[in-house]
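Visitor: Would you be able to build a 3D model of this:
(one chain, ligands or ions: 3)
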Amino acid sequence: MNNRDNMQDHKFQRKAIQVKEAQARVMQYAKVLGIEEVPLSQSCGRYLAEPVNAPHPFPAFNRSGMDGFAIIAADTQECNAENPVWLEVIDNIPCGAVPSADLTPGTAARIMTGAQVPEGADAVVMIEITESRDRDGKTFVLLRKPQLAGSNITPRGFELKEGQLVLPAGRLIAAGDIAVLAAFGIHMVKVHRRPKIAIFATGSELLAVDEPLQPGKVRNSNSPMLEALVREAGGEAVMLGAIADDLELARSKVQMALETHDLVITTGGVSVGDYDIMGDLVREKTGEMLFNKVTMRPGSVTTAAVRGGKLLLALSGNPGACFVGFQLFARPVISLMLGAAQPLLPEWTAFMGADYTKVNNYTRFVRARLEIRDGSIYAYPAGIDESSVMVTIKDSDCLIIVPPEARGLAAGDRVKILKLPGEIVG
Ligand SMILES: Nc1nc2c(c(=O)[nH]1)N[C@H]1C(S)=C(S)[C@@H](COP(=O)(O)OP(=O)(O)OC[C@H]3O[C@@H](n4cnc5c(N)ncnc54)[C@H](O)[C@@H]3O)O[C@H]1N2
Ligand code: MOO
Ligand SMILES: [Mg+2]
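Guide: Ligands and ions are numbered 1, 2, ... in the order given. Predicted coordinates:
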């Protein structure tokens, strides 16, 4: 047996590992990145690096919920339509002002929505159900209905008590979180640095997106897709183009990319073909290969290696396999680097919307579309979910997990799905 045959044998003998095990192996090398402070306006979509505890109660004072009069409810208990209670108006409190006097029985304060309720008051009555009278140089407010204590007042600390945990570390900052941060005066937000992720494709058949189509060639659709996926996951994509199927070239490109980035993602050349150079590259003894076969479809040839403590994720060139490989392995790695509390895609239970007859000895991650009907979630497999198919990626908002033992699935069967980020495509 000559040397080339030896190498070939080695190439074909791959030890397939389970998806969960493969995920655990890559996630072990996903270290959370350092903390940076960003202005509040830039923090949406980032992951909070430190928990936020309420620095003061919210609201910070007893707040009026209506434009009207702050009163003492007990003063109104005897009044009725014929016998109104007369309360002397001793203060006028616009929003943003501080009351100048405490209420005592028989008094009231004119107050606007959002203003601080004076001490002594325990209710606010809407302006519309009051009457005003001036007498002896004093102003009175008349009420003809008993009022309940507590009405139209939001007590101090109603929403949050001082010191209460509001936002845990690892939370993806969204609009509601921004409101909380703003309310507490947190104008610079501590988040984890975004990972810089190098992306390049291998394949002598690849054309750049702006090139005219040529015989036997295809446009490189995986790189732009990966760029979008990296951004969606919160990483900073660094596009390193495409290289021909040349081992030397790939070696130096990977080396360079690993030196200056937090993670390197490649697509193509991981199977057993003559030009599958990424597969050859990770078998070289310059680093540790984490796996080069996973018991899943698509993406069974997804490969991962570590060099100098950094991860190289070599995804399949087949577009469907590249997409699924990213979702299962690259996304959790990026999420962990960002300090996300939940790095894995959420797993839901759904009903099959249609039959799925294909069976496999590997777990299948079937691209599918979700529909919510009568409070139940239905997953409809995409027309063609083969590894090589590109066009159904856009029609998918989840991946149905079809276990290897499933002898086909029927409409109505309960299945586990992985919810993909973003809206339901409908
Ligand atoms: N003899 C065997 N052949 C194959 C096996 C096997 O076990 N034995 N596995 C098959 C499976 S499964 C898959 S998946 C593919 C994996 O292929 P590679 O990851 O090595 O990818 P390539 O060979 O580079 O390309 C495959 C396919 O995808 C197209 N491609 C590649 N890169 C891009 C890109 N950036 N944008 C768009 N399209 C791309 C490429 O033109 C090919 O058509 O191997 C099977 N073969
Ligand atoms: O490895 Mo392929 O993507 O399983 O079909
Ligand atoms: Mg190949």
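Visitor: Could you use CA atoms for every contact and neighbour count after this?
Guide: Will do.
Visitor: Buried ones in the longest helix that the chain contains, by neighbour count?
Guide: Ranked by residue count, the top helix of the chain under DSSP state H comes out as helix 247-260. The neighbour-count check on helix 247-260 (16 or more other Cα atoms under 10 Å) flags 247, 250, 251, 254, 257, 258 as buried.
Visitor: Over to stretch 73-80?
Guide: So for stretch 73-80, counting by 16+ other Cα under 10 Å, buried means 73, 75, 76, 79.
Visitor: which other residues reach it?
Guide: 85, 105-106, 121-123, 143-149 (Cα atoms under 8 Å, 6 or more residues apart in numbering).
Visitor: go on, stretch 45-59?
Guide: 35, 154-174, 184, 189-192, 234, 338-340.
Visitor: How many residues are close by the closest residue to ligand 1 within the stretch 51-200 of the chain?
Guide: Ligand 1 sits closest to residue 200 of the stretch 51-200 of the chain, with a gap of 8.1 Å, by Cα to the nearest ligand atom. Residue 200: 26 surrounding residues under other Cα atoms under 10 Å.
Visitor: what does residue 136 give?
Guide: Neighbour tally, residue 136, other Cα under 10 Å: 5.
Visitor: now do residue 284
Guide: 11.
Visitor: i'd like the first residue to be 3 from this point on
Guide: All set: I'll call the first residue 3, so the last point we hit is now residue 286.
Visitor: Let me know the pLDDT of it.
Guide: Here, the pLDDT recorded for residue 286 equals 88.
Visitor: Quick check: it vs ligand 3, distance?
Guide: Separation of residue 286 from ligand 3 (Cα to the ion, to the nearest Å) stands at 18 Å.
Visitor: SS state for residue 351?
Guide: The three-state assignment at residue 351 reads strand, by DSSP: H, G, I helix; E, B strand; the rest coil.
Visitor: ok, it - contacts?
Guide: Taking Cα under 8 Å, 6+ apart as the test, what residue 351 contacts is 379, 416, 417, 418, 419.
Visitor: bridging residues for the residue of the stretch 53-202 of the chain closest to ligand 1?
Guide: Judged by DSSP bridges, the bridge partners of residue 202 are residue 268.
Visitor: so it touches residue 243, yeah?
Guide: Yes - counting by Cα atoms under 8 Å, residue 243 is a contact partner of residue 202 at 5.2 Å.
Visitor: so what sits against both of those two?
Guide: With Cα under 8 Å, 6+ apart, residue 202 and residue 243 have common neighbours residue 225.
Visitor: which ones are touching the nearest residue to residue 291 once chain neighbours are set aside?
Guide: Of all residues beyond its chain neighbours, the one nearest residue 291 is residue 307 (4.2 Å), with distances taken as Cα to Cα, 6 or more residues apart in numbering. Residue 307 makes contacts with 284, 289, 290, 291, 292, 293, 313, 314, 315, as judged by Cα under 8 Å, 6+ apart.
Visitor: how does it look with 6 Å?
Guide: By Cα atoms under 6 Å, 6 or more residues apart in numbering, residue 307 lies in contact with 290, 291, 292, 313, 314.
Visitor: Figure out the helix or strand that the last one lives in.
Guide: With the criterion set as DSSP states H and E, the secondary-structure element containing residue 314 is strand 312-317.
Visitor: can you check the third one too?
Guide: Residue 292 is part of strand 290-293, with elements assigned from DSSP H and E.
Visitor: Tell me the strands beside the next helix or strand after that strand, with direction?
Guide: Using DSSP H and E, the helix or strand that follows strand 290-293 towards the C-terminus is strand 298-299. Note on strand 298-299: by DSSP bridges, its sheet partners are strand 365-375 (parallel).
Visitor: elements contacting the helix or strand that the partner strand is followed by?
Guide: Downstream of strand 365-375, the first helix or strand assigned by DSSP H and E is strand 378-383. Counting contacts by 3 or more Cα pairs under 6 Å, 6 or more residues apart in numbering; DSSP states H and E, strand 378-383 packs against strand 349-354, strand 365-375.
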